[in-house]
Each structure stands twice: as C-alpha cells, then as structure tokens.
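Trainee: Just the structure for this:
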Amino acid sequence: MKIAIASDHAGVTLKSEICKMLLDLGHEVKDFGTYSAEARVDYPDMAFLTAESVAAHKYDRGVLICGTGIGMMLAANKVQGIRAALCHDQFTALLSRRHNDSNIIVLGARVTGMDVAKEMVKAWLVEPFEGGRHSIRLQKITSYEQKPNTMLNAGAKGGRTIVFDHPLVRHKLAVLRDKATAPKDFRELVKEITSLMVYEVTRDLPVKEEVVETPLKQTTVFKLADSKIAVVPILRAGLGMLDGFLSLVPNATIGHIGLYRDPDSLKPVEYYSKYPADITTSTVFILDPMLATGGTVKEAISMLKKIGVKSISVISIIAVPQGIDTVHEAHPDVDIFVAAIDENLNDYGYIVPGLGDISNRLFAAK
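Mentor: Residues are numbered from 1 along each chain as shown. Predicted coordinates for the structure are as follows:
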C-alpha cells in the first residue's frame, strides 16, 4: 500500500517511528514533512499536501500527526474527498474504517503513546469498510460536500437558501421566462422544474434496510423510512407545482392555503385553509413559485406553526433577496429552495426580470 504521512514539529518523533514501522511492514511511504522538531511550522501546510495527494489517489491512505491531532484533522477534512479521523485507541481506529471508510488517520503525539499509536495504525490499515447502511450515510456527506458554494447560503437574516443551478433547471427556466411560451408548455415546464427540484430537496430523507429476493439471490436494499411528508401549495399559483411534487412523492398528504396579496398594501389576506389530519407530525413543504415580497410565504409559515407544525421548508421557482430576508427574519428555522434569485421588485411588487404574473400564465387568466 502507498502511504502519505506528515506532521508538524510536535509530531516529528512519532512520525519517524511510524514511518519505520510502515516500511518494515512492506508499505511504500512518502514523507511530506516537517523534518525538524525544533523549527515551528504551520500544521495546515502539511495537512493540505497530504490530504490532496490522498484525494487525488496518488496514495492509498494518509497519516497525519500534530500535538493533539485536532488541527490536522480540521485542515485535512477541508479537502474534498477526505475522511480524516482523529483516533485515540485501537477501537476508534477500527470503527473509523469499518463505519466511516476513513482514508486518513490522525494522531495526537502529545496525547497518544508510541506503542498505542503504532498498534492503532497497523489495525487501521487492514480493517475493511463494512459498507451497507454506512455507505448511505457517507454518500450524504459526499453529496453535501460536492454542492457548489453558490448553492447554499446563510442569509443576512439567518436561515438557509439553497439555489439549484442544474443545467436542466436553468434551461427550462429560460423557456419558462419567455413571454411567447404557451400556457400548456408553461404548465409542463413548471411541473418539470418542480420535479427536478424535489429530487434534490428530498436527498436527505431517511432510509431503512430491507431484505428482498431478486431472481438470483437475497440482497439488502434501502427503502424510504416511514417518514410522513405533507405538501401545501399556496393557492392559486402553488397548484401549478403540485403535480411535479407528487410525481416523485406520490404518497405525500396534501393541504391547501388560500392567500391573496392586497393590491394596495401588498400584504397577504387569508381566505382558505385545509390541512391533513397528521400534518403536525409531518415534514411539510410549502409550494409557492414566486417568492416576491415574502409576505405571503411568511404568513403561510406562521399559519402552519400556529397549528403545531415543526418541520417546514419552502420550494419556490424564483425569489428575490427582499422576499428571502422577509421570510428568514420571521422564520430563520425554515429552509428556502429556489431555482433562481432575481434582481428586485418593481413598484407593483412583481419580480424583475421574473416571468410576469405566474397565476395568469398558468391558468390563461387575465
């Protein structure tokens, strides 16, 4: 096995002994430094060199050592594809491989004895990854790690805003914006964009293991756990997104909230609400394609919280910063998922450049 190893000044002595042991075991070893226990160095420099070489598959595994191990672990885990585990005994070393598929082991030279450290590394090198349910958990980490930085932002008012800039979403949104797009095509595009977004929104739903019989043999599979999901479109425009949501989550229960925006005050006015019986124990997604002033969505969230709903997210197609801030100022615990964030609102409260009055375009109304 090809092993990359590095330390700061506090870990030089332990690193030297680990290197000798690895060579005696027949491994190929690359020492990225440092080489002096007297000259102080910054641990991130060695951590990044080692972690990048492992992430690029130039080396099979890595070993990092500093005084406590904490600094090296923090730095190494900033490198995409690295799972650096700070271990203190053989048990944690074994579990870091078996459950976490760690590719770098991190040691604290000032807190772990020489003999213990050697035994930990030897056990860690030969322990296999167990896979199964642990693969699902690691994939969630990888998926989060691979999101573009622009996709996930904490707003000025708190709360998360997740922007989906997938090429298919961007293309369909471009056609949706075009004023020449016919109502039938417009409705189909809203449905398709919603489905693409829901695919990402539901990425972290819990799963459970089951055993099924294929035509060839029994195997372990993963199915959605028994989590309850409810979807609540805000009338009328939210109805255009409902089929897109249900196409991927057909067993979701459905509620409705009727709010219209007063044309003079631009504030929401309630005229209807109806919810599933179990909505208070469900994960709830509010559908509203245009998050403009934010007042309507803010009021819809308040209505749901008032009846006891705890888990709420919002799915919109286009939003503006003003609307996002309005929602997050009142509800910083609510995530907002959007396909695009536009510039601003005009004097009539419409999103610019936006796509016009979405209800009228969905239902060919004036």
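Trainee: so how far is Ala84 from the residue most central in space within the chain?
Mentor: Within the chain, the residue whose C-alpha comes closest to the C-alpha centroid is Tyr144; the distance, by C-alpha atoms, centre = their mean, is 3.8 Å. In this view, Tyr144 and Ala84 are 16 Å apart by C-beta to C-beta, to the nearest Å. The C-beta positions use only the backbone N, C-alpha and C, and glycine is treated the same way.
Trainee: Please, which helix or strand holds the closest residue in space to Arg203 that isn't next to it in sequence?
Mentor: The shortest distance from Arg203 to any non-neighbouring residue, by C-beta to C-beta, 6 or more residues apart in numbering, is to Ser143 (6.1 Å). Taking DSSP states H and E as the criterion, Ser143 maps to helix 133-145.
Trainee: Could you list the buried residues of that helix?
Mentor: Neighbour counts using 16 or more other C-beta atoms under 10 Å place Leu138 of helix 133-145 among the buried residues.
Trainee: how far out from the middle of the chain is it?
Mentor: Offset of helix 133-145 from its chain centre (C-alpha atoms, centre = their mean, to the nearest Å): 10 Å.
Trainee: which residues sit against stretch 64-82?
Mentor: Residues external to stretch 64-82 that are found in contact with it (C-beta atoms under 8 Å, 6 or more residues apart in numbering): 5-8, 10-11, 14-15, 18, 43-44, 46-48, 50-52, 54-55, 62, 83-86, 103-112, 142, 145-146.
Trainee: If we use 7 Å, what do you get?
Mentor: 6-8, 10-11, 14-15, 43-44, 47-48, 50-52, 54-55, 84, 86, 103-104, 106-111, 145 (C-beta atoms under 7 Å, 6 or more residues apart in numbering).
Trainee: Next secondary structure after the helix or strand of the chain with the lowest mean pLDDT?
Mentor: When each helix and strand of the chain is scored by mean pLDDT, DSSP states H and E, strand 152-154 comes last, with a mean of 58. Counting by DSSP H and E, the next helix or strand C-terminal to strand 152-154 is strand 160-163.
Trainee: Packing partners of that following strand?
Mentor: Counting by 3 or more C-beta pairs under 7 Å, 6 or more residues apart in numbering; DSSP states H and E, the packing neighbours recorded for strand 160-163 are strand 152-154, strand 335-338.
Trainee: switch the cut-off to 10 Å
Mentor: Under the contact criterion of 3 or more C-beta pairs under 10 Å, 6 or more residues apart in numbering; DSSP states H and E, strand 160-163 touches strand 152-154, helix 183-201, strand 311-315, helix 321-330, strand 335-338, strand 340-341.
Trainee: which residues make contact with the last one from outside it?
Mentor: If I follow you right, that is strand 340-341. Around strand 340-341, the neighbours that count as contacts under C-beta atoms under 10 Å, 6 or more residues apart in numbering are 150, 153, 161, 163-165, 169-170, 173-174, 176-177, 193, 291, 316-321, 323-324, 351, 353-355.
Trainee: just the buried members of the residues you listed?
Mentor: By the neighbour-count criterion of 16+ other C-beta under 10 Å, the contacts of strand 340-341 include these buried positions: 161, 163-164, 169, 173, 176-177, 193, 291, 316-321, 323-324, 351, 354-355.
Trainee: How about Ala47, nearest residue that isn't a chain neighbour?
Mentor: For Ala47, the closest residue by C-beta to C-beta, 6+ apart turns out to be Ala75, at 3.6 Å.
Trainee: and the one you found, how many neighbours?
Mentor: For Ala75, the number of neighbouring residues by other C-beta atoms under 10 Å comes to 23.
Trainee: in which helix or strand would I find it?
Mentor: For Ala75, the element it lies in under DSSP H and E is helix 70-76.
Trainee: can you give me the offset of that helix from its chain's centre?
Mentor: Taking the mean of its C-alpha atoms, helix 70-76 sits 22 Å from the chain's own mean (C-alpha atoms, centre = their mean).
Trainee: Stretch 17-24 now?
Mentor: The answer for stretch 17-24 is 39 Å, by C-alpha atoms, centre = their mean.
Trainee: List the buried residues in that stretch.
Mentor: Neighbour-count burial for stretch 17-24 flags 18-19, 21-22 (criterion: 16+ other C-beta under 10 Å).
Trainee: Need the residues that contact it.
Mentor: Contacts of stretch 17-24 from elsewhere in the structure, counted by C-beta under 10 Å, 6+ apart, are 1, 3, 5, 7, 11, 27-31, 61, 63, 65, 105, 107, 114-115, 117-122, 125.
Trainee: Name only those of these that count as buried.
Mentor: The neighbour-count criterion (16+ other C-beta under 10 Å) marks 3, 5, 7, 11, 27, 29-31, 61, 63, 65, 105, 107, 117-118, 120-122, 125 among the contacts of stretch 17-24 as buried.
Trainee: pLDDT score for Gln80?
Mentor: Residue-level confidence at Gln80 comes out at 89, pLDDT.
Trainee: Asn149 now?
Mentor: We have a pLDDT of 49 for Asn149.
Trainee: residues contacting Val41?
Mentor: Listed by C-beta under 10 Å, 6+ apart, the contact partners of Val41 are 7-10, 12, 33-35, 66.
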